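Participant: Here is my input; please provide its structure:
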Amino acid sequence: MRTGKPHNLRSCGKGCSVPLIIVNEDITGIKIESKRKIGAIVNAANPQLAPGGGVCGAVFEKAGKLMVKDCMAYGGCPVGEAKITFGYKLPATYVIHAVGPVWQGGGENEPTLLRGAYEYAMELAVTHDCLEVAFPLISSGIYGYPKDLAFHEAVVALGGYLSSSREIDVYLSLLPEGFRPPYAPRDLKDELATYMRDGKDSALFSERKAPSGAVPVAPLPEFLANLLKIKGWPKEELARRANLRADELESVLAPAEGAGPPPKNWILALALAFGLSGTETLGLLESAGMWLDPESRTDLAVAFFLEKGLNDVYMVSEASYANGGDFLGALSRVARP
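Facilitator: This is a model prediction of the structure:
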């Protein structure tokens, strides 16, 4: 039996994308798509790395006494950082103990410390060769960090992270049940709500392009290849911006013979990743035989941000989901609870 602490953190470089996948599952029993043992789960730890309540208590209870011994050997962990142990009885090779801040109203550097906890945990996951890492909403339990703000900081920290030499899937659990991601940014909340009600009159919905069965003017792979050439990006950069795995993007750029069209939410994510205008997005959709549907909550949310010239796929995903639509990119694989 393995005991003791895994090897220490080493610096990691920059490279390919990190898909962010949101789930509504108990993090101590999370099931990943491949059904294999997950690389690491993240414990919302306290600075003493001692058993606590909430997520922390559940992690320690299921891991067993050996993990308690390993944590005690560290002698604690600063707020905004993380330590790693083996997972023992948990369905994970490792447990990463990330220490988030106690909410004190937002004026005590809480956002920076919370992002630091996520980023430090990601460094540990990458440098320990994890293929997947599952996070809870750190600090959102007994530490009192408002759940909507905690979710936003998690998305910012995880969504903007670049892994080292290969892909790593990142899962974010939204339990406890009943919590729904917030709309962000907050200063556009009322305007978005109005658009979700009245946006069907937008010029972006004035005509439906490429009706079912029509031949696209230009094939989607060719359209995307031209955009990549114009931007001068490697494929990894596009995958990161669109929140897609490398294999998912490749299936769009070079579809297998007889393959059907990619999910529409992937194409919308790619439009945002490229920073396309509303009209350009219609062209991209047309190349796949699709269009913006005024009856779709997702399409309404995307159209709103296209008209605003805002193209962050994570922000648009938050807004879409909070208003009855779906996530974009790799997030679109997640079913609404």
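Participant: my read: residue 278 touches residue 308, true?
Facilitator: No: assessed by C-beta atoms under 8 Å, residue 278 is found out of contact with residue 308, at 9.9 Å. All C-beta spots, glycine's among them, are computed from the backbone N, C-alpha and C.
Participant: got the contact list for whichever strand or helix holds residue 298?
Facilitator: Here residue 298, judged by DSSP states H and E, is contained in helix 297-308. Residues outside helix 297-308 that contact it (C-beta atoms under 8 Å, 6 or more residues apart in numbering) are 188, 191-192, 195-196, 199-200, 202, 204-205, 265, 268, 271-272, 276-278, 281, 292-294, 311, 315-316, 319-320, 323-326, 328.
Participant: Among those residues, name the buried ones.
Facilitator: When those are checked for burial by 16 or more other C-beta atoms under 10 Å, the buried set is 188, 192, 195-196, 199-200, 202, 204-205, 265, 268, 271-272, 276, 278, 281, 292-294, 311, 315-316, 319-320, 323, 325-326, 328.
Participant: Now for residue 121: which residues touch it?
Facilitator: Residues near residue 121 by C-beta under 8 Å, 6+ apart: 42, 82, 96, 98, 133, 135.
Participant: domain parsing for the protein?
Facilitator: 20-173, 186-333 (automatic domain parsing).
Participant: Can you convert those domains into CSV and add a column each for mean pLDDT?
Facilitator: What follows is the domains of the chain, written out as CSV (pLDDT from 0 to 100):
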stretch, mean pLDDT
domain 20-173, 87
domain 186-333, 86
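Participant: Return the most buried member of these.
Facilitator: domain 20-173 (a mean of 20; mean count of other C-beta atoms under 10 Å).
Participant: so how far is the longest helix along the chain off the chain centroid?
Facilitator: With DSSP state H setting the assignment, residue counts place helix 110-127 as the longest helix in the chain. Here the centre of mass of C-alpha atoms in helix 110-127, compared against the chain's by C-alpha atoms, centre = their mean, to the nearest Å, lies 14 Å away.
Participant: Relative to residue 136, how far out is the spatially closest residue to residue 174 that is not a sequence neighbour?
Facilitator: Nearest non-adjacent residue to residue 174, counting by C-beta to C-beta, 6 or more residues apart in numbering: residue 24, 5.4 Å away. Distance from residue 24 to residue 136, counting by C-beta to C-beta, to the nearest Å: 12 Å.
Participant: What are the boundaries of the helices in this protein?
Facilitator: Using DSSP H, helices in the chain cover 54-63, 65-74, 110-127, 147-159, 189-198, 220-231, 235-242, 246-253, 264-274, 278-286, 297-308, 313-322.
Participant: will you turn those into TSV that also has distance to residue 141?
Facilitator: Shown next, in TSV, are these (distance: least, C-beta to C-beta, whole Å):
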stretch	distance to residue 141
helix 54-63	4
helix 65-74	18
helix 110-127	13
helix 147-159	9
helix 189-198	25
helix 220-231	41
helix 235-242	30
helix 246-253	33
helix 264-274	31
helix 278-286	39
helix 297-308	29
helix 313-322	21
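Participant: Can you tell me how far residue 322 is from residue 200?
Facilitator: Going from residue 322 to residue 200 by C-beta to C-beta gives 19 Å.
Participant: Okay, the closest residue to residue 280 other than its chain neighbours and residue 82: tell me how far apart.
Facilitator: Leaving aside its chain neighbours, residue 280 sits nearest to residue 271 (7.3 Å; criterion: C-beta to C-beta, 6+ apart). The spacing between residue 271 and residue 82, counted by C-beta to C-beta, is 35 Å.
Participant: how much space between the closest residue to residue 323 other than its chain neighbours and residue 322?
Facilitator: Spatial nearest neighbour of residue 323, excluding adjacent residues (C-beta to C-beta, 6+ apart): residue 196 at 5.2 Å. Distance, residue 196 to residue 322, using C-beta to C-beta: 10 Å.
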